[in-house]
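# Structure of the sequence below:
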Amino acid sequence: MSSSIMKRITNIFKIIFPIFLILFIFFQGKRELSHISIRKSFVAIKELHAGGFILTVIVGLLAVSVMCFYDYFLTRSLDAKIPLSKVFRVSWVANSFNNIIGFGGLAGVGLRSMLYRDHVEEGRGLLKSIAWMTPAVMNGLSILLWFVLFNVFPVRAVLHNQPWLWIAVIGVILIAPAYLIYSIVKRSKNISFKVSAQFTITSLAEWTAAALVLFVIFQLVHIPLSFVHVMGIFTIAGVAGLISLVPGGFGSFDLMILIGAEAFHADQGTVLTALLIYRLVYYFIPFIVGLIFAALEMSETIKRKVEDHQLFMPAVETTGVLWKLQRLFLQKLANLTFPLMMICISGTIFFSVSIGVILLRYEVSSHLYFRIFFFLYMFLFGCGLILLFLVHEMYMRTKRVYYMVSIILILTAILGIFTISLLVSLIILLVLVGLFLKRSSFVRESYPFSFATIGRTVVLAILALSVYLKSSSLVLELLNQPHKLNFVFYGIAMGALIFAVVYILIFEISYNKIHHRLPGEDPDFEKLKDFLEKNGGNALSHLGYLGDKRFFFSSDNKAMLQFAKSGHRLIVLGDPAGQPESFGKILQEFHDAADYYGYTIILYQIDGENMAFYHDLGYRFFKLGEEAIVPLETFKISGKKRAGLRATFNRFTREGYVFELHSPPFSEAFIKDIKEVSDAWLGKQHEKGFSLGYFDSSYLSRADIATLSDSEGKIVAFMNLMPMYQEGYISVDLMRYYPDSPSGIMDAMFVHLFQWAKEEGYQYFNAGMAPLSNVGQSQYAFLSERIAAVIFNNVNYMYSFSGLRRFKGKYQPIWKGKYLAFRKNRSLPVTMLIVTRLIGKGPKGKTTS
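Numbering: from 1, shown residues only. Modelled structure (predicted):
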C-alpha cells in the first residue's frame, strides 16, 4: 500500500475517530443519566458539610501541588537558578491551564517556554526538555494499569462490560516501559534515564493523588467504595479520557466513572454529585488560582521577548496552527486573567442561585424566611450581573473597575456565607487576594461609557437573563416542579438587573464628580493666541477659536493638539501645531494620557509628511482627499488657459461688484449683513463644526473678512480669512454667498483674494481640501473604503464633492494629501461615521461659549 493511501486513511481516521467517540459518549451518557435524580444531586450538594467541602478543596489543591515536581525536576536537570516559589507558580499555571485548555499538552509547553526561558542559557535545550517531559504525564496511568491487569485493582468487571477499552488499555500500558527504554537508549543531555524516572514517579504520584481526591469525595457523600475499587475505576476512566482527546477528559472520563461505580451498585445520582465536586476542587478552583498566579507572572516584557526571540522561532513554526493560536492567547493572557475570573464567578453565582431557589422550596416553609432568602438571592444574582457587565472594563484595567469589583466581591462573599454557596465565598477570597496583589496593574483612571458600551451591556444582560431563565425552566421540568416557580426566577432576575444598573450608575456618577475624566484642558483663547504667535501653527490651528475642542500641550509647551470627545474616542484635528522637534513628544504624551483615561484616538486630516510618527504608534490610514495650495508668485489670470477665469473676473468688475477687506472689530450692522448671507446660504441646513468653521461673531472677529458687494452696495458673498501661523501662508474658512448670486461668484472672490494676498507678501494660499470623489469607486477597492467614501461624501458637508477638485484645479494648485489615521483593529466605516457625526454636531458641540 502506497504512502499516499496510508496518509489518506490516517487523515480519515483522525476525523472519524473523534466523531465516533463524541457520538458514543452522547448516547451512552444519555442512557446512563436517564435514571439519575437531579434533585437528589442538588440535595446532596446542599447537605455536604462546610468542613467536608473545605477538606475536599484542601485535598484537591494538595493533589494539584504534586504536579509541581515535574517542574522541580525539569529545572534541576537544566541547572537553572530559579527560586522554588517561581517554579511552584509556573508549574501551577502550566498544569491548571493544561487541565482546562489541553491541546495535547501544548498549553503547558508554551507557558513553561515563556516563563522559564530567561533563566536558562540555551533556549533549544529548554524546549527539548519540556517536550520530553510532556508525554511523561501518561506514565503514571500506564503503571497503574499494570495493577488493573493483575487485578490488584479489582475492576475487570467494568472492562468485561466495556470490551472496547481493552485495546486502549493494552496501548497505554506499554507507554511507561517504552518511555523509560527510549531514555536508556537515547542517553542525551535532555533525555536521561534519571530525569525520565523522576518524571515517571511524579506522574504516578499525580494520578494517585487525583484518585485520592475522588475517594475522599466519595466518602463524604457516602458512596461505600474501597480505595482500591476507586483507584481501579479512576484508572479505567483515565484511559477513556485520554483517548477521547478532550482536555481533562470531560464527558468520557465522567461517563466511565458513572459506569464503573454502577458496576459496584453505587447510586448514580450521588456519583454525579461527587463528580461535580471533583471537577470543582480539582479543575475549577485550581484554575482560578492559576489565573491569579498567571496575572502575577505574565508581563508585557516577557510576551515581547517570546514573540521575536530567534531561538524560539523554530519551535513556533513546528507546532503549526495550534501553537500560533495558542501564542495569540498567551499574548493576551496578562489582561485576560481577571476578566476570565469574573466570568467564572458570574457563572458560579448563577448556578448557585438556581440551585438555591430550587432547594428553597423544599426547605423553607415560613413565608418570612422565603422572602429574606429571595432578596439574598436577588442581590447575589445582581452581583453576578455586575461582574459580567464589567468584564470589558476589567480587561482595560481601570482604577474605577478595581474599586467597583472589589466592593462587589466583598458583598458577594458575605452573601455567599448566608446562602448555599460556600464555594462562592472561597473563590471570592482567592480572587480578592489576587486582585489586591495586582492592584498596581490597574493603571487607567477609567473607561468612558458610550452608546456602544451601553448597547453591549444591554445585549449581554438580555443574553445572560435569557440563558438563566431558560435553564431554570428546564431544571424545573426535569424535577417535575410547577411552572409557577418560574415567577420566582423572573422576580430574582428583574430585581437583580435593577440592582446592577443602579449600582453602576451611582458609582459612575459619584466617581465622575471626584475624578477628572479627560486629558488636556478646556479652550483658553488667550493661551492659544500666545502659543500660536510664539511657536506657529498649521492650516487648522485657527479653528481652535471655535471653542468646540480641547487643547493638549506638550510638557515642554512647544507643541499642541486640539481634539474633541465622541463616546470613548478622542478625535484629534490635524497634526500637532508648534515646533516640529516636539511632535514626537506630544504624540507620545497624548497617547499615554488617552490610555490613562481609557480612550481610543482617531487622527483626522493629518499630513503625509508626519505619517512616520503615526505609523510607529500603530495606525492605519485612509486618504481623505487633497489640500489645494496655490503658489501666489506664479498665479495669474492672463493667458489662453485662464481665459474662462479671466472672463468671469472681468464680468463681475464690469457689473460693478466691489471687493473689500474688513478688519476687526466689526460693527453690528456688518455682522448683521453677513449673517443674512450666511443664513441664506445655509437654507434649511444646519451648521457643521469641529473641522469646519461656523457663523459665530466671536470666532469671526479674530481675523479679517473679505466681502463682495453688488453695484448697490449690498454684500452678496463673504469669506473669513484664516491665519495659518506659518510665514508666507494664508487660508480661508467660511465661503458663503446668496444662492441667487450670479454664477462664478466664488471664482471672482478667490481671484480678488489671491491678488490681495500676493500684494501683502504671502507666497501660498491654502484653498482648502478637495475630498477625492473617486475614492472607493473602483470595483477593486476594499469594501470598507467604498462604504467609508459613501459616508464621507454624503454626510460630512452640505454639498457633494463631485467637481470640487475640478473647481479648485483651475487655480493650478499644489495638491497635498490629507489622511485619516485609525487603529488597526477598528472598522474604517465606523470610524468615518463617528467623525462625520462629530462634525455634524456643529455649534452644539462647543465646550465653551
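# what kind of secondary structure is residue 355 in?
At residue 355 the chain is in helix, as set by DSSP: H, G, I helix; E, B strand; the rest coil.
# Quick one: neighbours of it, just the number.
19 (other Cβ atoms under 10 Å). Where you see a C-beta, it was placed from the backbone N, CA and C, and this is true even at glycine.
# ditto for residue 70
There are 25 residues near residue 70, going by other Cβ under 10 Å.
# can you start the count at 631 instead of 1 from here on
Yep, numbering from 631; the last one is residue 700 now.
# what helix or strand does it sit in?
helix 698-707 (DSSP states H and E).
# and the helix or strand that comes right after that helix with helix 698-707, angle?
The element immediately downstream of helix 698-707 (helix or strand, assigned by DSSP H and E) is helix 714-730. Orientation note: helix 714-730 sits at an angle of 130 degrees relative to helix 698-707 (axes from the mean of the first three to the mean of the last three Cα atoms, to 10 degrees).
# since we're on residue 1297, how many residues are nearby?
When neighbours are counted by other Cβ under 10 Å, residue 1297 comes out with 9.
# Distance check, it against residue 1382.
Distance from residue 1297 to residue 1382, counting by Cβ to Cβ, to the nearest Å: 22 Å.
# Check what pLDDT residue 1233 gets.
Residue 1233 is assigned 93 on the pLDDT scale.
# wait, doesn't it sit right on residue 1451?
Yes - using Cβ atoms under 8 Å, residue 1233 makes contact with residue 1451 at a distance of 3.9 Å.
# what touches both of the two?
Common contact partners of residue 1233 and residue 1451 (Cβ atoms under 8 Å, 6 or more residues apart in numbering): 1244, 1249.
# Tell me which strands the longest strand belonging to the chain pairs with, and in which orientation.
Longest strand of the chain, by residue count under DSSP state E: strand 1249-1261. Next to strand 1249-1261 in the sheet, as set by DSSP bridges, lie strand 1394-1401 (antiparallel), strand 1444-1453 (antiparallel).
# Going by residue numbers, what spans are helices in the stretch 781-930 of the chain?
786-791, 795-803, 805-816, 823-850, 857-873, 882-893, 898-909, 915-927, 930-938 (DSSP state H, counting those that start in this stretch).
# With mean pLDDT added, can I get the ones you listed in JSON lines?
Output for the helices of the stretch 781-930 of the chain, formatted as JSON lines (pLDDT from 0 to 100):
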{"stretch": "helix 786-791", "mean pLDDT": "73"}
{"stretch": "helix 795-803", "mean pLDDT": "80"}
{"stretch": "helix 805-816", "mean pLDDT": "86"}
{"stretch": "helix 823-850", "mean pLDDT": "91"}
{"stretch": "helix 857-873", "mean pLDDT": "85"}
{"stretch": "helix 882-893", "mean pLDDT": "80"}
{"stretch": "helix 898-909", "mean pLDDT": "81"}
{"stretch": "helix 915-927", "mean pLDDT": "78"}
{"stretch": "helix 930-938", "mean pLDDT": "44"}
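# which one of the ones you listed lies closest to residue 1104?
helix 898-909 (16.6 Å; Cβ to Cβ).
# and the closest one, C-alpha only, in CSV?
Output of helix 898-909 as CSV, limited to C-alpha atoms (Å, rounded to 0.1, in the frame of the first residue of the first chain):
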residue,chain,number,x,y,z
GLN,A,898,-25.6,7.2,40.2
GLY,A,899,-27.2,10.4,41.4
THR,A,900,-24.8,10.6,44.3
VAL,A,901,-21.9,9.7,41.9
LEU,A,902,-22.8,12.5,39.7
THR,A,903,-22.7,14.8,42.7
ALA,A,904,-19.3,13.5,43.6
LEU,A,905,-18.1,14.2,40.0
LEU,A,906,-19.4,17.8,40.1
ILE,A,907,-17.5,18.4,43.3
TYR,A,908,-14.4,16.7,41.9
ARG,A,909,-14.5,19.0,38.8
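# just checking, what packs against it?
helix 633-663, helix 668-677, helix 680-696, helix 823-850, helix 882-893 (3 or more Cβ pairs under 8 Å, 6 or more residues apart in numbering; DSSP states H and E).
# try 10 Å this time
helix 633-663, helix 668-677, helix 680-696, helix 823-850, helix 857-873, helix 882-893 (3 or more Cβ pairs under 10 Å, 6 or more residues apart in numbering; DSSP states H and E).
# about what we covered before: hey, C-alpha coordinates of the longest strand of the chain in PDB?
Output of strand 1249-1261 as PDB, limited to C-alpha atoms (Å, rounded to 0.1, in the frame of the first residue of the first chain):
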ATOM      1  CA  TYR A1249      -2.200  53.300  13.000                       C
ATOM      2  CA  ARG A1250      -3.800  52.500   9.600                       C
ATOM      3  CA  PHE A1251      -4.500  55.200   7.100                       C
ATOM      4  CA  PHE A1252      -7.300  56.300   4.800                       C
ATOM      5  CA  LYS A1253      -6.800  59.100   2.300                       C
ATOM      6  CA  LEU A1254      -9.500  61.700   2.800                       C
ATOM      7  CA  GLY A1255      -8.500  64.000  -0.100                       C
ATOM      8  CA  GLU A1256      -6.000  66.600  -1.100                       C
ATOM      9  CA  GLU A1257      -5.500  70.200   0.000                       C
ATOM     10  CA  ALA A1258      -5.100  72.800  -2.700                       C
ATOM     11  CA  ILE A1259      -2.100  75.100  -2.100                       C
ATOM     12  CA  VAL A1260      -2.000  77.900  -4.700                       C
ATOM     13  CA  PRO A1261       1.500  79.300  -5.300                       C
END
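# Tell me the helix or strand right after it.
Per DSSP H and E, the helix or strand that comes after strand 1249-1261 is helix 1273-1284.
# In the helix or strand following that next one, which residues are buried?
Using DSSP H and E, the helix or strand that follows helix 1273-1284 towards the C-terminus is strand 1288-1292. The neighbour-count check on strand 1288-1292 (16 or more other Cβ atoms under 10 Å) flags 1289, 1292 as buried.
# and if you look at stretch 1195-1212?
By 16+ other Cβ under 10 Å, the buried positions in stretch 1195-1212 come out as 1195-1209, 1212.
# repeat for stretch 685-701
685-687, 689-691, 693-694, 696-701.
# wait, which of those residues is closest to residue 726?
residue 694 (6.6 Å).
# wait, isn't residue 1436 in contact with residue 1400?
Yes - counting by Cβ atoms under 10 Å, residue 1436 touches residue 1400, with 8.6 Å between them.
# Not counting its neighbours along the chain, what's nearest residue 860?
Spatially, and ignoring its direct neighbours in sequence, residue 860 is nearest to residue 845 (4.4 Å; Cβ to Cβ, 6 or more residues apart in numbering).
# how near is that neighbour to residue 1197?
56 Å.
# try residue 1276
Distance of residue 1276 to residue 1197, given as Cβ to Cβ: 50 Å.
# do residue 1225 as well
Relative to residue 1197, and taking Cβ to Cβ, residue 1225 is found at 16 Å.
# Check residue 1455 too.
In terms of Cβ to Cβ, residue 1455 sits 16 Å off from residue 1197.
# And residue 1454, by the same measure?
19 Å.
# before we move on, what about residue 700?
Per Cβ to Cβ, residue 700 is found 48 Å from residue 1197.
# Over to residue 986?
39 Å.
# do residue 1125 as well
Residue 1125 is 30 Å from residue 1197, by Cβ to Cβ.
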